[in-house]
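Colleague: model this:
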Amino acid sequence: MATFIKRGNSYRIKVSCGYDIHGNQKLQYKTWRIPENMTERQIKKELERQCVLFEEECKKGQVTSAIKFEALAEEWFENYAKLNLKNSSFTRQRALTIRVYPAIGHMKLDKITSRDIQKFINDLAVNGRNLQNGKPISRKTVVHHLSFISSVFNYAIKMDMIKDNPCSRVTVPRGEKKEKDIYTKEEVKKLFELLKTAPFKYRMFFTLAVYSGFRRGELCGLEWKDIDWEHSVVNVRRTSNYTKLHGLYTDTTKTKRSVRSSKLPPIIMNMLKEYKEQQDREREQTGDKWVDTDRLFVQWNGQPMYANTPYNWYRRFCKKNGMRFCDVHSLRHFHASLLIFAGVDPVSVSADLGHTAVSTTTSLYCHMFREAQARNCDVIAKALNFDDDSTEDTASDMKLSEKSQERPAV
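Modeller: Modelled structure (predicted):
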């Protein structure tokens with residue numbers, strides 16, 4: 001049974017929820033504040049109703065006043081995240097606790113309001129700094145923090161601990177939208193020229209990145225058995241990743257649709273054959289120290305290459321040759337831009353990039369699709385420009401054709 005005690009303009013309701021393993025009684029409390037302009041009879045009736053409702057909630061396990069956010073988040077990591085998230089995603093979520101726990105980790109779950117979370121998100125968006133270089137964090141990072149908090153609350157709802165997720169009413173402040181840093185065709189032409197003097201392994205990696213649009217982890221995860229030499233097709237089947245906790249490991253692709261096949265031109269297939277011959281020679285020279293992993297991109301002894309190795313090499317390469325540096329992922333964006341401006345439809349572009357949904361593609365490259373559509377308008381305008389000489393000639397030919405058709409048959 002629920003009991004209560006009056007405290008000024010409110011009542012403190014208490015419900016016993018049994019005993020813990022140590023024999024201590026578990027109690028749950030709720031404060032009900034008396035609304036204004038209520039009569040004594042109305043107060044008594046409403047208080048009885050609040051007691052019954054609170055007791056029912058306690059029976060269903062939907063009262064969590066004794067559970068703090070950090071404790072529940074750790075339970076979420078152990079019982080959900082560790083079993084369902086990829087290692088890289090799990091590590092990324094762990095890193096978010098550095099800011100979340102000091103802000104709301106000490107607060108009881110049922111006391112955290114949308115206003116509390118909104119205050120944290122706003123402060124993060126305005127004052128948040130990268131812990132390594134001190135630069136302002138991106139809006140995407142702020143979104144990740146809110147998503148993590150929301151995931152913990154959703155877990156609590158599934159466990160019948162609470163009924164509502166306060167994150168559903170929180171808004172991430174609009175940040176300055178930055179255009180993707182992408183190379184121009186002229187810059188990629190210069191890159192290909194410079195790569196002619198680079199080690200073949202890196203020349204192959206970055207050339208393949210441009211032609212295929214594969215992600216860095218997908219490139220590092222490629223194996224020779226993924227290449228269909230007869231049909232000039234390269235199949236993406238896995239990724240190669242690294243975390244401090246797990247080290248270098250092989251994982252499934254980012255999404256199910258990331259498992260895909262890409263047909264490549266003869267110039268790339270010939271490069272791959274030449275690269276395979278070079279790697280075979282290196283295997284023979286290394287002898288017993290060579291570890292046969294079947295990977296395309298490997299270390300000196302055949303072990304898989306770390307995903308950060310191409311990034312670090314490329315940064316030094318650009319600095320040495322006086323070339324503007326864009327990270328490896330920008331080559332994937334460049335690949336996408338070539339398809340879009342060539343008039344390839346969004347569905348095909350999405351399939352080529354391995355996105356989960358077409359909406360992901362159109363959202364990421366919306367400005368490119370808009371620009372491509374604008375070019376369509378230019379084509380129509382040019383075709384209907386009757387002041388143009390070529391158009392006039394065409395119009396004259398049409399008139400002559402019409403007159404010839406009007407002549408009586410002989």
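Colleague: can you give me the strands for the chain?
Modeller: Under the criterion DSSP state E, the chain carries strands at the ranges 3-7, 10-19, 25-33, 227-228, 233-236, 239-243, 247-251, 260-263.
Colleague: would CSV of those with mean pLDDT be doable?
Modeller: Compiled in CSV, the strands of the chain are given as follows (pLDDT from 0 to 100):
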stretch, mean pLDDT
strand 3-7, 89
strand 10-19, 84
strand 25-33, 81
strand 227-228, 96
strand 233-236, 96
strand 239-243, 90
strand 247-251, 89
strand 260-263, 94
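Colleague: tell me which of those sits most buried.
Modeller: Highest mean neighbour count among these (mean count of other Cβ atoms under 10 Å): strand 239-243, with a mean of 20. Placement of C-beta: from N, CA and C, glycine included.
Colleague: which secondary structure elements does it contact?
Modeller: Other elements packing on strand 239-243 under the criterion 3 or more Cβ pairs under 8 Å, 6 or more residues apart in numbering; DSSP states H and E are helix 87-100, helix 216-220, strand 247-251.
Colleague: of all these, which lies closest to V358?
Modeller: Checking the helices and strands packed on strand 239-243 against V358 by Cβ to Cβ gives helix 216-220 as the closest, at 19.7 Å.
Colleague: mind checking pLDDT for R407?
Modeller: In this model, R407 is scored at 39, pLDDT.
Colleague: might you list the low-confidence residue ranges for the stretch 1-150 of the chain?
Modeller: Counting by pLDDT under 70, the stretch 1-150 of the chain shows low-confidence ranges at 20-21, 60-66.
Colleague: so which residues of it form helices?
Modeller: According to DSSP state H, counting those that start in this stretch, the stretch 1-150 of the chain carries its helices in the segments 40-59, 69-76, 82-84, 87-100, 114-127, 139-158.
Colleague: and for the stretch 201-350 of the chain?
Modeller: Taking DSSP H, counting those that start in this stretch to define them, one finds helices in the stretch 201-350 of the chain at 216-220, 266-286, 308-321, 328-341, 346-353.
Colleague: between those helices, which gets nearest to F90?
Modeller: Of all the helices of the stretch 201-350 of the chain, it is helix 216-220 that lies closest to F90, at 15.5 Å by Cβ to Cβ.
Colleague: you'd agree L245 is up against T91?
Modeller: Yes. Using Cβ atoms under 8 Å, L245 is in contact with T91, at 6.3 Å.
Colleague: more crowded one of the two?
Modeller: The neighbour count for L245 versus T91, taken as other Cβ atoms under 10 Å, is higher for T91 (16 against 10).
Colleague: can you list the helices and strands packed on strand 239-243 in TSV and add distance to G354?
Modeller: Formatted as TSV, the helices and strands packed on strand 239-243 follow (distance: least, Cβ to Cβ, whole Å):
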stretch	distance to G354
helix 87-100	16
helix 216-220	8
strand 247-251	14
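Colleague: just give me the neighbour total for Q285.
Modeller: Here the count is done by other Cβ under 10 Å, and Q285 has 9 residues near it.
Colleague: ok, the closest residue to T360 other than its chain neighbours to I340 distance?
Modeller: The shortest distance from T360 to any non-neighbouring residue, by Cβ to Cβ, 6 or more residues apart in numbering, is to S350 (7.0 Å). Per Cβ to Cβ, to the nearest Å, S350 is found 11 Å from I340.
Colleague: repeat for E36
Modeller: As judged by Cβ to Cβ, E36 and I340 stand 61 Å apart.
Colleague: and the pLDDT at K177?
Modeller: K177 is assigned 64 on the pLDDT scale.
Colleague: reformat the strands of the chain as a markdown table; add distance to Q42.
Modeller: Putting those into a markdown table (distance: least, Cβ to Cβ, whole Å) gives the following:
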| stretch | distance to Q42 |
| --- | --- |
| strand 3-7 | 15 |
| strand 10-19 | 14 |
| strand 25-33 | 13 |
| strand 227-228 | 78 |
| strand 233-236 | 67 |
| strand 239-243 | 59 |
| strand 247-251 | 61 |
| strand 260-263 | 66 |
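Colleague: neighbour-wise, which of E36 and I340 wins?
Modeller: In this view E36 and I340 are compared by other Cβ under 10 Å, and I340 has more residues nearby, 20 against 6.
Colleague: give the contact list for that one.
Modeller: Neighbouring residues of I340 by Cβ atoms under 8 Å, 6 or more residues apart in numbering: 349, 365, 368-369, 372.
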